[in-house]
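1. need a structure here:
(3 chains)
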Amino acid sequence: MTSSTPSLVKNSKQSDNQPLLHVQDLIVEYPTSEGNLRAVDHVSLSLKNGEVLGLVGESGCGKSTLGFALLRLLKGGYITDGKIIFDGKDIAKVSDESMKNLRGTQISMIFQASQNALNPLQKVSRHFKDTLKAHNRWNDESWNNVLELLNRLEISDSRLADYPFQFSGGMQQRIVIALTLMLNPKLIVADEPTTALDVLVQARLLQLLKDLIKELNLTVIYITHDLGVVAEITKRVAIMYAGEIVEIADTVTIFENAAHPYTKALINAIPNVKDTSKKKLAFIPGFPPDLKNPPTGCRFAERCPYTIEACRKERINDVKIPSDTGIEHTVKCLMNDDKFKHQFT
Amino acid sequence: MQTQEVNVISRVRLMIGRVWDFIIHNKSFTFGMLIFISILFMALFAETLAPSHYAERHKDCGEDNPYCRYDPPSAVHPFGTNLLGRDVLSRIIYGSRTTLLIAFSGTILGLIIGVPLGIISGYFGGRIDRLFTLIADSIYSLPSLLLAIALAIFFSSSGLLKIVAPVSFATAVVYIPTYFRVIRSQVLQVKEETFVLAAKAMGAGSLTILLRYITPNVISSSIAIIPFNMTDAILTNAGLAFLGLGIAPPTPDWGYDIFDAKDLAKIRLYPWLIIFPGFMIFLLSFALSLIGDTLNDKFNPLLSKKFETK
Amino acid sequence: MMINSSINSPEIVIILKSEIRDTETIPLLKILNLRKYFPVERGFFQQIFSRKKEQVHAVDDISFSIKRGEVFCLVGESGCGKTTAANVLVGLEKPTSGIFRWKGEEISHKELKPKKENIKSQIVFQNPYTALNPRMRLGDAVLHTQIIHNRLEDKNTKKKLRNAYLSEGFLYLGSIISLILMIFAFLIEGRGAEVYVMSSLGLFTTGIVIYAYYSLIQKKKIADPSVLKLFDEIGLTPSIQYYKKFPHEVSGGEKQRVSIVRALIMNPELLIADEPTSMLDVSLRAGILDSIKTLQLSYNLSILFITHDLATARHFGDRVGVMYVGKLVEIGEVDAIFQKPLHPYTKALIEAIPTPIPGEKNLNLPKGEVADTISPPSGCRYHPRCPIAELSLCSVEQPPLKEEAPNHWVACHFAKNFV
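-> Down below sits the predicted model:
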């Protein structure tokens, strides 16, 4: 398919060692009347070209804030410290003007309710034309690419003259995805793109996304709270809790060999349809800490069944766990730290 | 017991801190409130504050002015005197009573009628709603001063009521649709909320739902209108008095005092007669607008939503 | 079952068992041929030029029963009519047609609504964030059900409540009298009328002050023991603190627990739970379901559990009914439905759920979109998307819901082939 469509440009595989995105000790804060709320706290991660990273966490854990911070689209919040090195540039520091130029062409975002992004009074074709014109890419060739892409996303040419409301929610989401992919962004941040959809529609969209990712060698950060979706689409997963990434590893390891108690608890909490044993689902007692005034030690300590004194004392550092998959496995938990290992029973 | 006391102290501290925070963040509101409260204070303690009674005709303002006619501001009469030798300062202090009475009664009348109508109309909908909305829309087109003039002619009595009645009636009538609309649109929104549905599922009747579930959630949006309503009442009063349809002479009123001094010759010769009452009207309406602006930001559903976008 | 474990004597057990069987054969609620159509809201021109009256077939001829003490799950995609069915059963919507049998007795739809002496069912809504009145304390929100039906038992609560009501009376009475006084003052004219204006203003202010005093101070003191007990049971501890909190002070999970308590305080026999966990975080869901289960056992509740999440249905339910475009396509025991689904739609649904097992999956997803509820397809509503449909039969004849396997009802012409 890709060979016949030269312009559905496959992202080049050059410089595989150099990460496309490298986030270092990123801090994002929202000022409130009761002090600053640190939604993202010292988050570090890196992403290679063509990688699909799942960013998983519960509501309020800062996963969406992190996504928005990558595009500098924070509303009411500020990046107070840290680096976001994208393609060799620190985009936490570039001017608003050059950031504007990066958005859409280099980094794109797909939102949960991005259907709302479609103008109800404009035909669908108009959206594509306007976007292309705005980026000075309006020519026959690029239009053919658009048609190709839409075809790939199972939206036929004949429906281009329709208005957005004539499409179902799933189709609107696919149109938005086409609009995003059309400009060949190097990095796509997808913020719960399938959450609002029905089971069957979601499954179909996921399948399409998976195929597209493979075909076009897309680099995606997939933000979701649904571990089931993550298992289907991503190669690597980062688990967020209370503003921190508590564990990051390849997907199989996360599901089969998780090291952080929070990850384990989260996995045990999801019901599985294919599971025949009627085992009781686990749940995590208590609530996440207040991010305006977070605890000094481990943020999961209050809800964790294994907590020891050392957990509450000071900031937990990332611990590397040896893995045989070649993908780094780091975890923010003392249970895996050689110094403290023996204290846990 | 002890811990409870500590709790109370810390709570009071927290409250003071919050109030202070509010003052710091809403300086214009605080400023407006200070002016308003001092005028309210003036009205309540007029007897003590005023150097003389508002109707007292002073004498002996020097040899050339035995009846204190148009005595310019001096230590004895800081704001001067008028034609009849009455102290302008005392008249201003007593006059605040009239002004505030008009402002309050006009507002409360509008509130008491407008809010329940809005709630009923919004909740029940249908024909009642259409009728009420139609009436409200037609009243909306009436200018309050014109209505006040018509009513002033209708109320041919003397005394304080002569001006209180038409002005508060007129402003109330003109502001009823505003209260009605704001409350109605809020009710339309709130009645679709799940908790109203839940109340229905609990078996609650319409009256219970209206009183317990809808009214408490919509009433706050009417607060934003009150200061504007009061300002309008005060200005209508001033306008009416200026046209000569206002209060009878001995009763103190800012508007009447301006009317009294409106001749061009008088303005030139005795500017204090018009400057001080005019300034007071300006000050009060200015303070109310400051208060109203802040309240509007806090309670107006349309404005507060704009800031809420996630 | 619970009774069995608590009684040791074998004779009594036998007697009780037989009694239970008797009552078990008669379901708590049997719904027959329930239909609910909504008129389509049309545009101005359509209203003038088109005579055709269109209707949304939200629920179209469904029959099922809820047994005593069981969890019956109603599963389907959004717009399939499951929420409408729930609203009908709790009395919020009037059905177009349908027969209801409560414990074997036929009742009219009106009798399903909660009344003072008879509260059959209560509902827990999907969205906990809007389900509670933001101006009511959590405890008061629960207590209010009892107040509405005048079922307060605690004398202390009654007394304090009376005081609080009195203060409200002052407010309303004060404002009405002040209004009358003011109008009166304007009408009588002449000297002395301003006294009425002043006194009406004074009365109005006094009313507000008394109201503020009592509703702020007196109402705060109310803490009904029956509410506290349920708060404790559902895990809102310390209950006295939760009683006095406002909804915005607690999390979504806690709000949903309060909603559940509010539904259960009147001891309904049927609890309708309309996607109670779909808006909550994964880690909290299991906790909420756990609490519902515990309460179900201790109060011997029957639950109609409505969800789009089949995985939850599998873990929580006893029996499942699958809906598609207003119709029930399959009813059966949980294990039977999930291990051996007979309807092609159920199969597709189960297959489509993302499972927490990484790796490649080959899905056979149905083509096309969900059918329109205004003009649903003829015959079987699933036939345009169905992989096994035979147009000559499926597009013409509507398959009836038949018992293809024991206790397993399917509406498909070809279900026999899969048994």
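2. so residue B:31 sits in a helix?
-> Yes - the assignment for residue B:31 (DSSP: H, G, I helix; E, B strand; the rest coil) places it in a helix.
3. which residues touch it?
-> Neighbour list for residue B:31: B:287, B:290 [criterion: C-beta atoms under 8 Å, 6 or more residues apart in numbering or on different chains]. In this view, the C-beta of every residue, glycine as well, is placed from N, C-alpha and C.
4. verify the stated contact: residue C:137 with residue C:240.
-> No - the pair residue C:137 / residue C:240 is not scored as a contact, 11.5 Å apart, by C-beta atoms under 8 Å.
5. between these two, point out the one with more neighbours.
-> More crowded of residue C:137 and residue C:240, by other C-beta atoms under 10 Å in any protein chain shown: residue C:137, with 21 against 12.
6. okay, now the unreliable bits of the chain?
-> Let's take chain A. Residues of chain A that meet the criterion pLDDT under 70 lie in A:1-17, A:276-279.
7. please refer instead to chain C.
-> Across chain C, the ranges flagged by pLDDT under 70 are C:1-24, C:42-44, C:46-48, C:50-52, C:183, C:185-194, C:197, C:215-216, C:218-219.
8. quick one, longest helix in it?
-> Determined from DSSP state H, the single longest helix within chain C is helix C:155-188.
9. chain center to that one, what's the gap?
-> How far helix C:155-188 lies from its chain's middle: 37 Å, per C-alpha atoms, centre = their mean, to the nearest Å.
10. next structured bit after it?
-> helix C:193-213 (DSSP states H and E).
11. can you pull the buried residues of the next helix or strand along the chain from that following helix?
-> Moving toward the C-terminus from helix C:193-213, the next helix or strand (DSSP H and E) is helix C:225-233. Residues of helix C:225-233 classed as buried: C:226-228, C:230-231, C:233 (neighbour count, 16 or more other C-beta atoms under 10 Å in any protein chain shown).
12. with stretch A:292-303 instead?
-> Buried positions in stretch A:292-303, judged by neighbour count with 16+ other C-beta under 10 Å: A:294, A:297-303.
13. please apply the same query to stretch C:122-134.
-> The neighbour-count check on stretch C:122-134 (16+ other C-beta under 10 Å) flags C:122-134 as buried.
14. is it positioned near chain A?
-> No - using C-beta under 8 Å from any C-beta of the partner chain, stretch C:122-134 never reaches chain A; the gap is at least 11.2 Å.
15. and that stretch with chain B, contact?
-> Yes - on the criterion C-beta under 8 Å from any C-beta, stretch C:122-134 is in touch with chain B at C:122-123, C:125-127, C:130-134.
16. inside helices: which ones of the residues you listed?
-> Assignment to helices by DSSP H places none of the residues of stretch C:122-134 next to chain B there.
17. mind picking the two most distant members of the residues you listed?
-> C:122 and C:134 (21.0 Å; C-beta to C-beta).
18. what sits against the residue nearest the centre of chain C?
-> With distances taken as C-alpha atoms, centre = their mean, residue C:123 lies nearest the centre of chain C, 2.9 Å away. For residue C:123, the contacting residues are B:198, B:201, C:86-87, C:90, C:92, C:263, C:271-274, by C-beta under 8 Å, 6+ apart.
19. any residue of the top helix by length along chain B touching chain C?
-> The longest helix of chain B (DSSP H) is helix B:88-124. Yes - Helix B:88-124 is in contact with chain C by C-beta under 8 Å from any C-beta, via B:101, B:104-105, B:108-109, B:112-113.
20. what two of those are the furthest from one another?
-> Taking C-beta to C-beta, no two of those sit farther apart than B:101 and B:113, at 18.5 Å.
21. give me the more crowded residue out of those two.
-> Neighbour tally, residue B:101 and residue B:113, criterion other C-beta under 10 Å: the higher count belongs to residue B:101, 23 against 17.
22. what's the closest non-adjacent residue to residue B:121?
-> Spatially, and ignoring its direct neighbours in sequence, residue B:121 is nearest to residue B:132 (4.2 Å; C-beta to C-beta, 6 or more residues apart in numbering or on different chains).
23. now for that neighbour: which residues touch it?
-> Residue B:132 makes contact with B:117, B:120-121, B:180, according to C-beta under 8 Å, 6+ apart.
24. picking that back up, name the residues of the longest helix of chain C that come out as buried.
-> Within helix C:155-188, the residues that qualify as buried by neighbour count (16+ other C-beta under 10 Å) are C:157, C:160-161, C:164, C:167-168, C:170-171, C:174-175, C:178-179, C:181-182, C:185-186.
25. and the helices in the stretch 51-200 of chain B?
-> Along the stretch 51-200 of chain B, counting by DSSP state H, counting those that start in this stretch, helices occupy B:88-124, B:126-140, B:144-154, B:160-190, B:194-202.
26. ok, the buried residues of helix C:225-233 vs residue B:285, which is closest?
-> Nearest to residue B:285 out of these is residue C:227 (C-beta to C-beta; 49.6 Å).
27. re earlier: between the buried residues of stretch A:292-303, which sits nearest chain B?
-> Among the buried residues of stretch A:292-303, residue A:294 lies closest to chain B (C-beta to the nearest C-beta), at 21.1 Å.
28. that closest one against residue A:42, yeah?
-> No - if you go by C-beta under 8 Å, residue A:294 and residue A:42 don't touch, sitting 11.2 Å apart.
29. how about the residues of the stretch 1-150 of chain C near chain B?
-> Taking C-beta under 8 Å from any C-beta, the part of the stretch 1-150 of chain C that reaches chain B is made up of C:90-92, C:113-116, C:119, C:122-123, C:125-127, C:130-136, C:144-145, C:148-149.
30. if we use 7 Å, what do you get?
-> Of all the residues in the stretch 1-150 of chain C, those in contact range of chain B (C-beta under 7 Å from any C-beta of the partner chain) are C:90, C:92, C:113-115, C:122-123, C:125, C:127, C:130-135, C:144-145, C:148-149.
31. now, these that are in strands?
-> C:122-123 (DSSP state E).
32. which SS state does residue C:273 fall under?
-> strand.
33. so what's the residue count around the closest residue to residue B:166 other than its chain neighbours?
-> Excluding the flanking residues, the one nearest residue B:166 by C-beta to C-beta, 6+ apart is residue B:151, at 3.6 Å. Using other C-beta under 10 Å, residue B:151 has 19 neighbouring residues.
34. which of the residues in stretch C:404-419 are buried?
-> C:404-405, C:408-415, C:418.
35. and residue A:20, how many neighbours?
-> Counted with other C-beta under 10 Å, residue A:20 comes out at 21.
36. surely it meets residue A:47?
-> Yes - Residue A:20 lies in contact with residue A:47 (C-beta atoms under 7 Å); the separation is 5.6 Å.
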